[in-house]
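Engineer: the following block contains a protein sequence and its predicted model.
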Amino acid sequence: MTLDLLSQAGTPRAPLIELEDRWRSPSPRVLQPAADAQSKRMAMSRWLHHGEAPLEAVNEGSGTHHCVSLNLRCAQLIFRHAGRKLLHGRVPAGVVQVTAPATRVSAVFESAMDVLHLFVPQRALAECYEDLFQRPHAGDIVLDDPKLIRDPALERLGQALAVCKTEGAAPGRVFIDSVACAIVSRLVARHFSAPAVRGREPSALPQWRINRVSEFVESHLADNISLADIAASTGLTRMHFAAQFRRATGMRPHEYLLQKRIDHAQALLRTSKHSILDVALSCGFRSQAHFTTVFKRLVGATPKHWQTTLDAA
(Lines give C-alpha, C1' and ligand atoms only; values in the text may rest on other atoms or scores of the structure.)
Protein backbone atom coordinates (compact mmCIF):
# COMPACT_ATOMS: atom_id res chain seq x y z
CA MET A 1 0.00 0.00 0.00
CA THR A 2 1.47 3.38 -0.97
CA LEU A 3 0.68 7.00 -0.28
CA ASP A 4 0.94 9.66 -2.96
CA LEU A 5 2.15 12.76 -1.13
CA LEU A 6 1.08 15.21 -3.84
CA SER A 7 4.58 16.65 -3.70
CA GLN A 8 5.79 18.96 -6.43
CA ALA A 9 8.84 17.08 -7.62
CA GLY A 10 11.66 19.23 -8.87
CA THR A 11 10.38 22.45 -7.31
CA PRO A 12 12.83 23.91 -4.77
CA ARG A 13 11.45 23.89 -1.21
CA ALA A 14 8.04 22.70 -2.43
CA PRO A 15 5.62 21.73 0.34
CA LEU A 16 5.63 18.03 1.01
CA ILE A 17 1.83 17.95 1.10
CA GLU A 18 0.01 20.06 -1.46
CA LEU A 19 -2.72 22.48 -0.45
CA GLU A 20 -6.20 21.85 -1.77
CA ASP A 21 -7.62 24.51 -4.08
CA ARG A 22 -11.06 23.19 -3.21
CA TRP A 23 -12.09 21.53 0.04
CA ARG A 24 -11.58 17.73 -0.03
CA SER A 25 -10.44 17.88 -3.67
CA PRO A 26 -6.87 16.66 -4.23
CA SER A 27 -5.19 16.81 -7.60
CA PRO A 28 -6.99 14.64 -10.21
CA ARG A 29 -3.68 13.18 -11.34
CA VAL A 30 -3.36 11.49 -7.93
CA LEU A 31 -6.85 10.00 -7.73
CA GLN A 32 -6.95 8.91 -11.38
CA PRO A 33 -5.29 5.51 -10.74
CA ALA A 34 -8.28 4.61 -8.53
CA ALA A 35 -10.23 3.93 -11.72
CA ASP A 36 -8.36 0.63 -11.63
CA ALA A 37 -10.15 -1.63 -9.14
CA GLN A 38 -6.80 -3.07 -8.05
CA SER A 39 -5.34 0.30 -7.11
CA LYS A 40 -4.31 0.65 -3.48
CA ARG A 41 -2.75 4.10 -3.70
CA MET A 42 -3.73 6.57 -0.99
CA ALA A 43 -3.49 10.32 -1.44
CA MET A 44 -3.09 13.08 1.12
CA SER A 45 -3.69 16.81 0.87
CA ARG A 46 -4.20 19.69 3.26
CA TRP A 47 -7.09 22.15 3.55
CA LEU A 48 -6.20 25.52 5.05
CA HIS A 49 -8.62 28.36 5.76
CA HIS A 50 -7.26 31.50 7.43
CA GLY A 51 -10.58 32.49 8.93
CA GLU A 52 -10.80 36.13 7.87
CA ALA A 53 -14.50 35.57 7.12
CA PRO A 54 -16.89 32.59 7.21
CA LEU A 55 -16.51 30.31 4.19
CA GLU A 56 -19.00 27.78 2.84
CA ALA A 57 -17.76 24.70 0.95
CA VAL A 58 -19.47 21.71 -0.65
CA ASN A 59 -18.04 18.41 -1.87
CA GLU A 60 -20.09 15.76 -3.68
CA GLY A 61 -17.71 13.00 -2.61
CA SER A 62 -15.39 10.75 -4.56
CA GLY A 63 -17.02 7.71 -6.14
CA THR A 64 -14.04 5.54 -5.31
CA HIS A 65 -12.36 6.84 -2.14
CA HIS A 66 -13.20 7.17 1.52
CA CYS A 67 -12.12 10.54 2.89
CA VAL A 68 -10.45 10.49 6.31
CA SER A 69 -10.33 13.96 7.83
CA LEU A 70 -7.72 14.61 10.56
CA ASN A 71 -8.24 17.94 12.32
CA LEU A 72 -4.95 19.68 13.20
CA ARG A 73 -6.28 22.65 15.16
CA CYS A 74 -9.32 23.61 17.19
CA ALA A 75 -11.93 25.11 14.87
CA GLN A 76 -15.53 26.35 14.74
CA LEU A 77 -17.73 25.07 11.94
CA ILE A 78 -21.06 23.70 10.76
CA PHE A 79 -20.70 20.29 9.11
CA ARG A 80 -23.41 18.44 7.19
CA HIS A 81 -23.11 14.83 6.08
CA ALA A 82 -25.54 13.42 3.49
CA GLY A 83 -27.89 16.33 4.14
CA ARG A 84 -27.92 15.89 7.95
CA LYS A 85 -26.29 18.38 10.29
CA LEU A 86 -23.59 16.39 12.07
CA LEU A 87 -21.97 19.25 13.94
CA HIS A 88 -22.46 22.90 14.78
CA GLY A 89 -19.77 24.08 17.13
CA ARG A 90 -16.18 23.70 18.16
CA VAL A 91 -14.07 20.77 16.94
CA PRO A 92 -10.95 20.04 19.00
CA ALA A 93 -7.60 19.24 17.44
CA GLY A 94 -7.12 15.51 16.99
CA VAL A 95 -10.69 14.72 15.95
CA VAL A 96 -11.10 12.31 13.01
CA GLN A 97 -14.11 11.95 10.70
CA VAL A 98 -14.62 9.38 7.95
CA THR A 99 -16.84 9.91 4.91
CA ALA A 100 -17.74 6.97 2.68
CA PRO A 101 -17.54 7.26 -1.13
CA ALA A 102 -20.22 9.14 -3.09
CA THR A 103 -21.44 10.98 0.00
CA ARG A 104 -22.21 14.68 -0.24
CA VAL A 105 -20.80 16.82 2.54
CA SER A 106 -20.83 20.55 3.19
CA ALA A 107 -19.33 22.87 5.74
CA VAL A 108 -19.41 26.47 6.87
CA PHE A 109 -16.02 27.35 8.36
CA GLU A 110 -16.59 30.00 11.04
CA SER A 111 -12.95 30.18 12.13
CA ALA A 112 -9.50 29.29 10.85
CA MET A 113 -9.19 25.63 9.79
CA ASP A 114 -6.22 23.31 9.29
CA VAL A 115 -7.00 19.73 8.36
CA LEU A 116 -5.35 16.82 6.58
CA HIS A 117 -7.42 14.70 4.21
CA LEU A 118 -6.43 11.11 3.51
CA PHE A 119 -8.17 9.56 0.49
CA VAL A 120 -8.40 5.78 0.78
CA PRO A 121 -9.42 3.48 -2.12
CA GLN A 122 -11.24 0.18 -1.68
CA ARG A 123 -8.14 -1.92 -2.32
CA ALA A 124 -6.28 -0.29 0.57
CA LEU A 125 -9.18 -1.03 2.93
CA ALA A 126 -9.33 -4.62 1.74
CA GLU A 127 -5.61 -5.08 2.29
CA CYS A 128 -5.85 -3.71 5.84
CA TYR A 129 -8.80 -5.97 6.59
CA GLU A 130 -6.96 -9.05 5.36
CA ASP A 131 -3.86 -8.14 7.38
CA LEU A 132 -5.96 -7.68 10.53
CA PHE A 133 -8.27 -10.69 10.28
CA GLN A 134 -6.21 -13.08 8.12
CA ARG A 135 -9.02 -13.52 5.60
CA PRO A 136 -10.41 -11.47 2.71
CA HIS A 137 -13.54 -9.42 3.21
CA ALA A 138 -16.62 -10.46 1.22
CA GLY A 139 -17.57 -7.50 -0.96
CA ASP A 140 -16.64 -3.85 -0.66
CA ILE A 141 -15.75 -2.35 2.71
CA VAL A 142 -17.81 0.72 3.59
CA LEU A 143 -16.93 2.68 6.72
CA ASP A 144 -20.39 4.20 7.05
CA ASP A 145 -20.31 5.73 10.54
CA PRO A 146 -19.66 9.47 10.03
CA LYS A 147 -19.59 10.45 13.73
CA LEU A 148 -16.60 12.36 15.05
CA ILE A 149 -13.93 10.07 16.46
CA ARG A 150 -11.80 10.85 19.51
CA ASP A 151 -9.16 8.13 19.62
CA PRO A 152 -5.79 8.76 21.31
CA ALA A 153 -4.02 6.39 18.89
CA LEU A 154 -5.45 8.17 15.82
CA GLU A 155 -4.64 11.53 17.36
CA ARG A 156 -0.99 10.56 17.82
CA LEU A 157 -0.79 9.23 14.26
CA GLY A 158 -2.30 12.46 12.94
CA GLN A 159 0.25 14.47 14.89
CA ALA A 160 3.00 12.38 13.31
CA LEU A 161 1.72 13.32 9.85
CA ALA A 162 1.22 16.96 10.82
CA VAL A 163 4.99 17.50 10.93
CA CYS A 164 4.99 16.92 7.18
CA LYS A 165 2.83 19.94 6.44
CA THR A 166 5.68 22.46 6.43
CA GLU A 167 8.38 23.00 3.85
CA GLY A 168 11.52 21.05 4.45
CA ALA A 169 9.96 18.67 6.99
CA ALA A 170 10.36 15.41 5.08
CA PRO A 171 10.72 12.31 7.25
CA GLY A 172 10.53 10.17 4.15
CA ARG A 173 8.05 8.26 2.09
CA VAL A 174 8.45 4.99 4.00
CA PHE A 175 7.64 6.67 7.31
CA ILE A 176 4.59 8.47 5.92
CA ASP A 177 3.35 5.34 4.16
CA SER A 178 3.55 3.43 7.43
CA VAL A 179 1.68 6.12 9.40
CA ALA A 180 -1.08 6.36 6.78
CA CYS A 181 -1.46 2.57 6.76
CA ALA A 182 -1.63 2.55 10.57
CA ILE A 183 -4.45 5.12 10.46
CA VAL A 184 -6.46 3.05 7.98
CA SER A 185 -5.83 -0.17 9.90
CA ARG A 186 -7.00 1.48 13.11
CA LEU A 187 -10.19 2.71 11.45
CA VAL A 188 -10.92 -0.70 9.91
CA ALA A 189 -10.32 -2.41 13.27
CA ARG A 190 -12.61 0.08 15.06
CA HIS A 191 -15.34 -0.37 12.48
CA PHE A 192 -15.44 -4.14 12.55
CA SER A 193 -15.13 -4.42 16.34
CA ALA A 194 -17.82 -1.78 16.97
CA PRO A 195 -20.84 -4.14 16.76
CA ALA A 196 -19.49 -6.18 19.65
CA VAL A 197 -19.35 -3.16 21.97
CA ARG A 198 -22.13 -1.01 20.55
CA GLY A 199 -24.61 -2.16 23.18
CA ARG A 200 -22.37 -0.78 25.92
CA GLU A 201 -21.85 2.61 24.33
CA PRO A 202 -23.65 5.57 25.93
CA SER A 203 -26.35 7.40 24.03
CA ALA A 204 -25.62 10.92 22.82
CA LEU A 205 -26.81 13.85 24.92
CA PRO A 206 -29.95 15.27 23.26
CA GLN A 207 -29.86 18.80 21.86
CA TRP A 208 -32.16 20.28 24.51
CA ARG A 209 -29.76 19.18 27.22
CA ILE A 210 -26.80 20.55 25.27
CA ASN A 211 -28.67 23.87 25.13
CA ARG A 212 -29.03 23.77 28.92
CA VAL A 213 -25.28 23.17 29.26
CA SER A 214 -24.56 26.16 27.04
CA GLU A 215 -26.90 28.43 29.00
CA PHE A 216 -25.51 27.32 32.36
CA VAL A 217 -21.86 27.63 31.35
CA GLU A 218 -22.29 31.05 29.74
CA SER A 219 -24.00 32.42 32.85
CA HIS A 220 -21.30 31.05 35.19
CA LEU A 221 -18.08 31.68 33.26
CA ALA A 222 -16.50 33.64 36.11
CA ASP A 223 -17.45 31.04 38.73
CA ASN A 224 -15.49 28.02 39.88
CA ILE A 225 -17.94 25.49 38.45
CA SER A 226 -17.36 21.74 38.49
CA LEU A 227 -18.37 18.84 36.29
CA ALA A 228 -21.03 17.98 38.87
CA ASP A 229 -22.44 21.51 38.59
CA ILE A 230 -22.70 21.28 34.80
CA ALA A 231 -24.21 17.80 34.96
CA ALA A 232 -26.79 18.97 37.52
CA SER A 233 -27.94 21.69 35.11
CA THR A 234 -29.07 18.90 32.75
CA GLY A 235 -30.62 16.70 35.43
CA LEU A 236 -28.04 13.93 35.00
CA THR A 237 -25.41 12.39 37.25
CA ARG A 238 -21.82 13.37 36.62
CA MET A 239 -20.89 9.95 35.17
CA HIS A 240 -23.83 9.69 32.76
CA PHE A 241 -23.53 13.31 31.69
CA ALA A 242 -19.81 13.18 30.82
CA ALA A 243 -20.15 10.09 28.61
CA GLN A 244 -23.27 11.35 26.81
CA PHE A 245 -21.85 14.85 26.33
CA ARG A 246 -18.64 13.55 24.78
CA ARG A 247 -20.55 11.23 22.45
CA ALA A 248 -22.76 14.10 21.26
CA THR A 249 -20.06 16.75 20.83
CA GLY A 250 -16.73 14.92 20.55
CA MET A 251 -15.48 17.05 23.45
CA ARG A 252 -14.97 16.47 27.16
CA PRO A 253 -17.04 18.84 29.34
CA HIS A 254 -13.84 20.43 30.66
CA GLU A 255 -12.63 21.14 27.12
CA TYR A 256 -16.00 22.70 26.31
CA LEU A 257 -15.85 24.92 29.41
CA LEU A 258 -12.33 26.09 28.59
CA GLN A 259 -13.32 26.87 25.01
CA LYS A 260 -16.34 28.89 26.15
CA ARG A 261 -14.12 30.85 28.54
CA ILE A 262 -11.59 31.57 25.81
CA ASP A 263 -14.36 32.63 23.39
CA HIS A 264 -15.61 35.10 26.02
CA ALA A 265 -12.06 36.29 26.68
CA GLN A 266 -11.58 37.04 22.99
CA ALA A 267 -14.76 39.10 22.98
CA LEU A 268 -13.50 41.11 25.95
CA LEU A 269 -10.03 41.58 24.48
CA ARG A 270 -11.51 42.97 21.25
CA THR A 271 -12.71 46.04 23.18
CA SER A 272 -9.11 46.84 24.30
CA LYS A 273 -10.58 48.27 27.53
CA HIS A 274 -9.68 45.43 29.85
CA SER A 275 -6.31 44.36 31.21
CA ILE A 276 -5.32 40.78 30.54
CA LEU A 277 -5.51 40.00 34.26
CA ASP A 278 -9.04 41.41 34.49
CA VAL A 279 -10.09 39.35 31.48
CA ALA A 280 -8.55 36.21 32.98
CA LEU A 281 -10.38 36.62 36.30
CA SER A 282 -13.71 37.52 34.70
CA CYS A 283 -13.52 34.35 32.59
CA GLY A 284 -12.96 32.05 35.54
CA PHE A 285 -9.18 31.62 35.43
CA ARG A 286 -7.39 31.80 38.77
CA SER A 287 -4.25 33.41 37.39
CA GLN A 288 -3.01 35.26 34.33
CA ALA A 289 -0.38 32.55 33.77
CA HIS A 290 -3.00 29.79 33.54
CA PHE A 291 -5.15 31.95 31.27
CA THR A 292 -2.20 32.63 28.97
CA THR A 293 -1.32 28.93 28.75
CA VAL A 294 -4.86 27.87 27.84
CA PHE A 295 -5.36 30.81 25.45
CA LYS A 296 -2.17 30.00 23.54
CA ARG A 297 -3.07 26.30 23.32
CA LEU A 298 -6.54 26.96 21.89
CA VAL A 299 -5.94 30.11 19.84
CA GLY A 300 -2.31 29.66 18.80
CA ALA A 301 -1.00 32.93 20.27
CA THR A 302 -0.72 34.57 23.66
CA PRO A 303 -3.53 36.98 24.65
CA LYS A 304 -1.24 39.99 24.29
CA HIS A 305 0.03 38.97 20.87
CA TRP A 306 -3.48 38.14 19.68
CA GLN A 307 -4.77 41.49 20.88
CA THR A 308 -1.86 43.36 19.29
CA THR A 309 -2.45 41.59 15.97
CA LEU A 310 -6.14 42.47 16.19
CA ASP A 311 -5.39 46.15 16.84
CA ALA A 312 -3.00 46.26 13.87
CA ALA A 313 -5.54 44.77 11.47
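Structural biologist: Okay, I see it.

Engineer: please make it C-alpha for all contacts and neighbour counts, starting now.
Structural biologist: Will do.

Engineer: helix, strand or coil: sort out Ala232 for me.
Structural biologist: helix (DSSP: H, G, I helix; E, B strand; the rest coil).

Engineer: which ones are touching it?
Structural biologist: Residues near Ala232 by C-alpha atoms under 8 Å, 6 or more residues apart in numbering: Arg238.

Engineer: do you know how far it is from His240?
Structural biologist: Ala232 is 11 Å from His240, where distance means C-alpha to C-alpha, to the nearest Å.

Engineer: burial measure for the residue nearest to Val188 when sequence neighbours are not counted, as a count.
Structural biologist: Nearest non-adjacent residue to Val188, counting by C-alpha to C-alpha, 6 or more residues apart in numbering: Tyr129, 6.6 Å away. Other residues lying near Tyr129 total 20 when counted by other C-alpha atoms under 10 Å.

Engineer: dihedrals phi and psi, Tyr129?
Structural biologist: phi -60, psi -50 (degrees, to the nearest 10).

Engineer: that one and Ser185 touch, don't they?
Structural biologist: Yes: counting by C-alpha atoms under 8 Å, Ser185 is a contact partner of Tyr129 at 7.3 Å.

Engineer: could you pull out the buried residues of stretch 249-268?
Structural biologist: By neighbour count on 16 or more other C-alpha atoms under 10 Å, the buried set for stretch 249-268 is 249-251, 253, 256-262, 264-266, 268.

Engineer: give me the residues contacting it.
Structural biologist: For stretch 249-268, contacts defined as C-alpha under 8 Å, 6+ apart pick out 87, 91-92, 95, 148-150, 217-218, 221, 227, 242, 245-246, 274, 279-280, 283-284, 294-295, 298.

Engineer: just the buried members of those residues?
Structural biologist: With neighbours counted by 16+ other C-alpha under 10 Å, those contain buried members at 87, 91-92, 95, 148-150, 217, 221, 242, 245-246, 279-280, 283-284, 294-295, 298.

Engineer: helices along the stretch 101-250 of the chain, start to end?
Structural biologist: Ranges of helices within the stretch 101-250 of the chain are 122-133, 152-162, 173-197, 207-219, 227-234, 238-249, based on DSSP state H, counting those that start in this stretch.

Engineer: out of the ones you listed, which comes closest to Met113?
Structural biologist: Set against Met113 and scored by C-alpha to C-alpha, the helices of the stretch 101-250 of the chain come closest in helix 152-162, at 13.6 Å.

Engineer: which other helices and strands contact the closest one?
Structural biologist: Contacts defined by 3 or more C-alpha pairs under 8 Å, 6 or more residues apart in numbering; DSSP states H and E place helix 152-162 against helix 173-197.

Engineer: identify each buried residue in the helix it packs on, please.
Structural biologist: Buried-residue list, helix 173-197, by 16+ other C-alpha under 10 Å: Ile176, Asp177, Val179, Ala180, Cys181, Ala182, Ile183, Val184, Ser185, Arg186, Leu187, Val188.

Engineer: tell me what it is packed against?
Structural biologist: Looks like helix 173-197 contacts strand 2-4, helix 122-133, helix 152-162 (3+ C-alpha pairs under 8 Å, 6+ apart).

Engineer: avg pLDDT for that helix?
Structural biologist: Across helix 173-197, the average pLDDT comes to 79.

Engineer: and what of stretch 243-253?
Structural biologist: Taken as a whole, stretch 243-253 carries a mean pLDDT of 84.

Engineer: got it, and stretch 91-109?
Structural biologist: Rounded mean pLDDT across stretch 91-109 is 93.

Engineer: and that stretch, which residues are buried?
Structural biologist: Neighbour counts over stretch 91-109 (16+ other C-alpha under 10 Å) mark 91-101, 103-109 as buried.

Engineer: quick one: that stretch to chain centroid distance?
Structural biologist: Relative to the centre of its chain, stretch 91-109 is centred 8 Å away, using C-alpha atoms, centre = their mean, to the nearest Å.

Engineer: re the thing from before, could I get the buried residues of helix 173-197 as CSV with distance to His290?
Structural biologist: Supplementary listing: the buried residues of helix 173-197 in CSV, determined by distance: C-alpha to C-alpha, whole Å:
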residue, distance to His290
Ile176, 36
Asp177, 39
Val179, 34
Ala180, 36
Cys181, 38
Ala182, 36
Ile183, 34
Val184, 37
Ser185, 38
Arg186, 35
Leu187, 36
Val188, 39
